[in-house]
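>>> sharing a model prediction with you, sequence too.
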Amino acid sequence: QVQLVESGGGLVQAGGSLRLSCEASGRTSGNYPMGWFRRAPGKERKFVAAISWSETNTDYADSAKGRFSISRDAAKNTVFLQMNSLRPEDTAVYYCARAAGYFGPNYYQDEKMYAYWGQGTQVTVSS
């Protein structure tokens, strides 16, 4: 099993920045993709960003492109999501996810491909 713990959420004004972290522990061997998803109030969970083990491949939702940046520290089993120019519509619970096997970038946005999920961290952007 793999445990994922997110941190870094909070309340920020529109235009501000936050950096989310997700640390994996447990059986973390395997060079598998990790991603971030979010669930806004009353809406379904949606893809935000994902990254390959080697950081060679990344993918972003259209809403995140140009504002968010995903990275990872493989040695620390940690993935980060740097969020800049935040908007009220970015308000959501943000979830970290990790795959249990390899899959290519074409599948990064499919939440069914991820086996492990964190509990989520709340991000609130005030206008």
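Perfect, thanks for sending it.
>>> which residues does stretch 120-127 contact?
6-14, 16, 18, 20, 38-39, 83, 86-95 (CB atoms under 8 Å, 6 or more residues apart in numbering). For glycine as for every other residue, the C-beta is placed from the backbone atoms N, C-alpha and C.
>>> drop anything exposed from those.
6, 8-9, 12, 18, 20, 38, 83, 86, 90-95 (16 or more other CB atoms under 10 Å).
>>> so of those, which ones are in strands?
Among the buried ones among the contacts of stretch 120-127, the residues falling in strands (DSSP state E) are 6, 12, 18, 20, 38, 83, 92-95.
>>> so for the residue nearest in space to the middle of the chain, what's the pLDDT?
Central residue of the chain (CA atoms, centre = their mean): Trp36, 1.9 Å from the mean position. On the pLDDT scale, Trp36 is placed at 98.
>>> let's verify it: helix, strand, or coil?
strand (DSSP: H, G, I helix; E, B strand; the rest coil).
>>> quickly find the element holding the nearest residue to it once chain neighbours are set aside.
If the residues on either side of it in the chain are set aside, Trp36 comes closest to Val48, at 4.3 Å by CB to CB, 6 or more residues apart in numbering. For Val48, the host element (DSSP states H and E) is strand 45-51.
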